[in-house]
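Q: Prediction below, plus the sequence it came from.
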Amino acid sequence: MLTTYILKLKNNFSGLSQTEIKNLCEEVWNTAIIKISEVASEREVTLEGEIHYCNYPNDHNPHVVLNHN
């Protein structure tokens with residue numbers, strides 16, 4: 001999923017409809033949340049609260065879905 005997102009990002013999401021961009025952004029963000037949760041669990045860290053995206057809705061800001069700032 002991350003590879004697909006990066007390839008689409010490099011091509012400025014060319015050829016994708018707004019719905020396809022939205023779905024891609026949701027999938028890549030969900031993948032990131034799962035990975036963050038897995039790493040936290042491996043390190044015995046309890047995450048309290050929700051991991052959220054600061055530029056919501058993410059499909060309006062598809063170029064920075066994985067930006068940590």
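A: That came in fine, so what should we check first? Residues are numbered from 1 along each chain as shown.

Q: Check what pLDDT the residue positioned nearest the centre of the chain gets.
A: With distances taken as CA atoms, centre = their mean, the chain has Trp29 as the residue nearest its mean C-alpha position (2.3 Å). Note for Trp29: predicted pLDDT of 87.

Q: That one is in contact with Val65, isn't it?
A: Yes. Counting by CB atoms under 8 Å, Trp29 touches Val65, with 5.7 Å between them. Every C-beta, even on glycine, is put in place using the N, C-alpha and C of the backbone.

Q: how about His60, phi and psi?
A: phi -90, psi -10 (degrees, to the nearest 10).

Q: Quickly note the distance from it to Val28.
A: From His60 across to Val28, the span is 15 Å (CB to CB, to the nearest Å).

Q: Identify each buried residue in the helix or strand that contains Thr3, please.
A: Assessed by DSSP states H and E, Thr3 sits inside helix 2-10. Neighbour counts using 16 or more other CB atoms under 10 Å place 5, 8-9 of helix 2-10 among the buried residues.

Q: Also stretch 24-33?
A: For stretch 24-33, a neighbour-count test (16+ other CB under 10 Å) marks 24-25, 28-29, 32 as buried.

Q: How about stretch 8-21?
A: Within stretch 8-21, the residues that qualify as buried are 8-9, 13, 21, counting by 16+ other CB under 10 Å.

Q: one step back: which one of the buried residues of stretch 24-33 is nearest to Ala40?
A: Distance to Ala40, by CB to CB, is smallest for Ala32 among the buried residues of stretch 24-33, at 12.4 Å.
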